[in-house]
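Q: the sequence isn't on hand, but the structure is:
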């Protein structure tokens, strides 16, 4: 086994690169599937692989310049671990320290051509507008979304815990002096998803899988757009929220949406009896039967094991525990949803289905697999074939969900931005299902409905007749754009109801603002993004301290506006030392480049004389 500090990263990348036996466009592994198979990879190795994959187009361009001169000189096709070689080249040219740690034969092979590599890297940067040209960093500015699992805790409890963590972290950073009014320490309530907290992007280093609140299942680190699927299914119809019925989560692993759906249904059960579940304390009821059961389907053995462990973490047994009443049970089901019998007696009480099937993942802003596609120069026809294959599967799954006789609502969602996987799929599903003999009765016709819980979400489906949908149908659809200012990954949600369901009346409506007011949190209206834009506008020598009165909301908790004025601070001794060190490194790198250019010129002169 290699002793290289990049061994694990190299192995992972090697698994992802196309092999000689699979160069014809067969199914390619994704980083996500590889990580799920491996379990818990080294966090640093995973980050290195992501960064290397993002820079693969640039690295390949550098190696293939001048008819592949460097590609041949380094002998890339002859090494046993091409993945490890790519990781080392990334570290040398684009890594944080622009150097390769450790030793070994591969490092010597690369260092032998270091000067030539750096020259080509500089030329690539000049042609493409920077060293990191083409590498998308927008996702780094997304807020950290933290969903409170109300089956294990309460929003108020988690706000207290996280506030203390932020104060402790900031105090340590500032030498014991905490600044509670700092925007980075503000915790917001999301404007659309109940129980979803919004925190500054910098808190990603504080809130991770090893945080106690995460390990105990009290909070779930889940992107905002990913929360829309369960929210729409549970509260898309404000007149008839999901309560005392069974539900199917058709493609459930790893279980974030399943858990979210369980909390929403549990809250609805409590709300329809005029009390929140967190306040229900009926002793001696721990052996009670659930009022709602979620059948969580997963066909993959590896992912099913993950689903089981996460459901044990997130979902307490039915009954009362720590003052919280759980009325929802989750039954992990190791089976293929497509093979589930709609007339199975065990599923007789199922009234709703959440379908979030496998997709291309094209909406995930920081998805490293898309950079792999670019680096492999995958032809356009192959991409279309792969997307069409996914769309065919998605259509079959959606039509199967609509075939359950007692199901009256279905949510279909993807983390794709492709029309073929979204509007086109649902257009075909509506046409083929409603025109079938099984749906001859007009009362059983499936219709697209704009979800009540997201009535204020501005971005809607693509119109213009895409998928054969009308403009009014397109407006029923929900889209998120990760690169369009939504501050969340690209996502698509559609909500279907059987026509007769809309005849219902009564019920209640509890939106995110209701939750925000109950715990006295300011509502997030893009404050982090606004502050970042203002920061970029200001020159380095003069920082404005004017208050930003836009997008703010007064609350009982603070009695002030959400966005606090940013104050200019003098540079600390540590910052000055870092700046000095950075200037020294830059000076050294400039000298190295100058020497490399001179050497390259001498070699050219020498070669010219040799030819003469």
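A: Cool, the structure landed. Worth saying up front: this structure is predicted, and the values here are computed from it rather than measured.
Q: now do the phi/psi pair for residue 531.
A: phi -60, psi -40 (degrees, to the nearest 10).
Q: average pLDDT across stretch 98-117?
A: For stretch 98-117, the mean pLDDT works out to 92.
Q: how far out from the middle of the chain is it?
A: 34 Å (C-alpha atoms, centre = their mean, to the nearest Å).
Q: what do you get for stretch 444-451?
A: Distance, centroid of stretch 444-451 to centroid of chain: 28 Å (C-alpha atoms, centre = their mean).
Q: just say helix, strand or coil for the spatially most central residue of the chain.
A: Geometric centre of the chain, nearest residue: residue 223, 5.3 Å, by C-alpha atoms, centre = their mean. Here residue 223 is recorded as coil under DSSP: H, G, I helix; E, B strand; the rest coil.
Q: what sits closest to it if chain neighbours are left out?
A: residue 489 (5.3 Å; C-beta to C-beta, 6 or more residues apart in numbering). All C-beta atoms are positioned from the backbone trio N, CA, C, and that covers glycine.
Q: shouldn't the residue nearest to the centre of the chain be in contact with residue 487?
A: No. Residue 223 is not in contact with residue 487 according to C-beta atoms under 8 Å; the separation is 10.0 Å.
Q: contact partners for the residue nearest to residue 223?
A: 139, 142, 223, 225, 226, 363, 364, 365, 415, 480, 482 (C-beta atoms under 8 Å, 6 or more residues apart in numbering).
Q: ok, the third one - contacts?
A: Taking C-beta under 8 Å, 6+ apart as the contact definition, residue 223 lies against 142, 145, 488, 489.
Q: could the residues you listed go into a markdown table alongside distance to residue 31?
A: Below are the contacts of residue 223 laid out as a markdown table (distance: C-beta to C-beta, whole Å):
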| residue | distance to residue 31 |
| --- | --- |
| 142 | 19 |
| 145 | 21 |
| 488 | 20 |
| 489 | 15 |
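Q: just the helices from the stretch 351-500 of the chain, written as ranges.
A: Listed in chain order, the helices of the stretch 351-500 of the chain (DSSP state H, counting those that start in this stretch) span 369-375, 380-402, 423-434, 471-474.
Q: tell me the mean pLDDT for the shortest one?
A: Mean pLDDT, taken over the full extent of helix 471-474, equals 96.
Q: mind listing what's buried in that helix?
A: 473, 474 (16 or more other C-beta atoms under 10 Å).
Q: which other residues reach it?
A: Under C-beta under 8 Å, 6+ apart, the answer for helix 471-474 is 423, 448, 460, 461, 462, 463, 466.
Q: stretch 160-169 too?
A: 146, 178, 180, 184, 185, 187, 197, 199, 203, 206, 207, 213.
Q: thinking again about what came up before, now, the most widely separated pair of the contacts of residue 223?
A: Among the contacts of residue 223, the pair separated by the greatest distance (C-beta to C-beta) is 145 and 489, at 10.3 Å.
Q: residue 227 versus the closest residue to residue 524 other than its chain neighbours, what's the distance?
A: Using C-beta to C-beta, 6+ apart and skipping the chain neighbours, the partner closest in space to residue 524 is residue 188 (3.6 Å). In this view, residue 188 and residue 227 are 15 Å apart by C-beta to C-beta, to the nearest Å.
Q: overlap of the contact sets of residue 223 and residue 487?
A: By C-beta under 8 Å, 6+ apart, the residues touching both residue 223 and residue 487 are residue 142.
Q: in strands, which of the contacts of residue 223 fall?
A: By the criterion of DSSP state E, membership of the contacts of residue 223 in strands covers residue 145.
Q: which of the contacts of residue 223 lies closest to residue 587?
A: Nearest to residue 587 among the contacts of residue 223, with distances taken as C-beta to C-beta, is residue 142, at 35.4 Å.
Q: how much space between that closest one and residue 224?
A: 9 Å.
Q: between those two, who's got more neighbours?
A: residue 224 (23 against 20; other C-beta atoms under 10 Å).
Q: before we move on, back to that, want to throw the helices of the stretch 351-500 of the chain into CSV with distance to residue 530?
A: Converted to CSV, the helices of the stretch 351-500 of the chain look like this (distance: least, C-beta to C-beta, whole Å):
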stretch, distance to residue 530
helix 369-375, 29
helix 380-402, 36
helix 423-434, 32
helix 471-474, 30
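Q: of those, flag the one that's most buried.
A: Of all those, helix 423-434 has the most neighbours on average by mean count of other C-beta atoms under 10 Å, namely a mean of 21.
Q: packing partners of it?
A: With contacts taken as 3 or more C-beta pairs under 8 Å, 6 or more residues apart in numbering; DSSP states H and E, helix 423-434 sits against helix 380-402, strand 409-414, strand 446-448, strand 491-498.
Q: adding distance to residue 519, write the ones you listed out as TSV.
A: Shown next, in TSV, are these (distance: least, C-beta to C-beta, whole Å):
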stretch	distance to residue 519
helix 380-402	36
strand 409-414	27
strand 446-448	34
strand 491-498	26
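Q: residue 233: which of the ones you listed is closest?
A: Per C-beta to C-beta, nearest to residue 233 of these: strand 409-414, 4.3 Å.
Q: helices or strands next to the closest one in the packing?
A: helix 228-235, strand 350-355, helix 380-402, helix 423-434, strand 491-498.
Q: of those, which approaches residue 109 most closely?
A: Between those, helix 380-402 lies closest to residue 109; by C-beta to C-beta that is 31.9 Å.
Q: by mean pLDDT, which helix or strand of the chain comes out lowest?
A: Ranked by mean pLDDT, DSSP states H and E, the weakest helix or strand in the chain is helix 369-375, scoring a mean of 58.
Q: now do the domain split for the chain, please.
A: Domain segmentation of the chain under automatic domain parsing yields 7-135, 240-499.
Q: the residue nearest to residue 524 reaches residue 521, doesn't it?
A: Yes. Between residue 188 and residue 521 there is a contact under C-beta under 8 Å: 6.3 Å.
Q: compare those two (neighbour count), which wins?
A: When neighbours are counted by other C-beta under 10 Å, residue 521 comes out ahead of the other of residue 188 and residue 521, with 25 against 22.
Q: what's that one sitting at in phi/psi?
A: phi -100, psi 150.
Q: so what's the spatially closest residue to it that is not a sequence neighbour bridging to?
A: Nearest non-adjacent residue to residue 521, counting by C-beta to C-beta, 6+ apart: residue 189, 4.1 Å away. For residue 189, the beta-bridge partners are residue 197, residue 523 (DSSP bridges).
Q: quick one: residue 189 and residue 197 touch, right?
A: Yes. With contact defined as C-beta under 8 Å, residue 189 counts as touching residue 197 (6.7 Å).
Q: overlap of the contact sets of these two?
A: Listed contacts common to residue 189 and residue 197 are 155, 521; contacts here mean C-beta under 8 Å, 6+ apart.
Q: which parts of the stretch 101-250 of the chain are strands?
A: 144-148, 188-189, 196-199, 219-221, 246-249 (DSSP state E, counting those that start in this stretch).
Q: dump the ones you listed into a markdown table; add mean pLDDT as well.
A: Converted to a markdown table, those look like this (pLDDT from 0 to 100):
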| stretch | mean pLDDT |
| --- | --- |
| strand 144-148 | 97 |
| strand 188-189 | 96 |
| strand 196-199 | 96 |
| strand 219-221 | 96 |
| strand 246-249 | 98 |
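Q: which of the ones you listed sits closest to residue 409?
A: It's strand 246-249; of the strands of the stretch 101-250 of the chain, that one is closest to residue 409 (C-beta to C-beta) at 9.5 Å.
Q: same for that closest one, what does it pack against?
A: helix 256-272, strand 292-297, strand 350-355.
Q: and those as a markdown table, adding mean pLDDT, distance to residue 58 and mean neighbour count?
A: Converted to a markdown table, those look like this (pLDDT from 0 to 100; distance: least, C-beta to C-beta, whole Å; neighbours: other C-beta atoms under 10 Å):
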| stretch | mean pLDDT | distance to residue 58 | mean neighbour count |
| --- | --- | --- | --- |
| helix 256-272 | 92 | 33 | 24 |
| strand 292-297 | 98 | 41 | 25 |
| strand 350-355 | 98 | 38 | 24 |
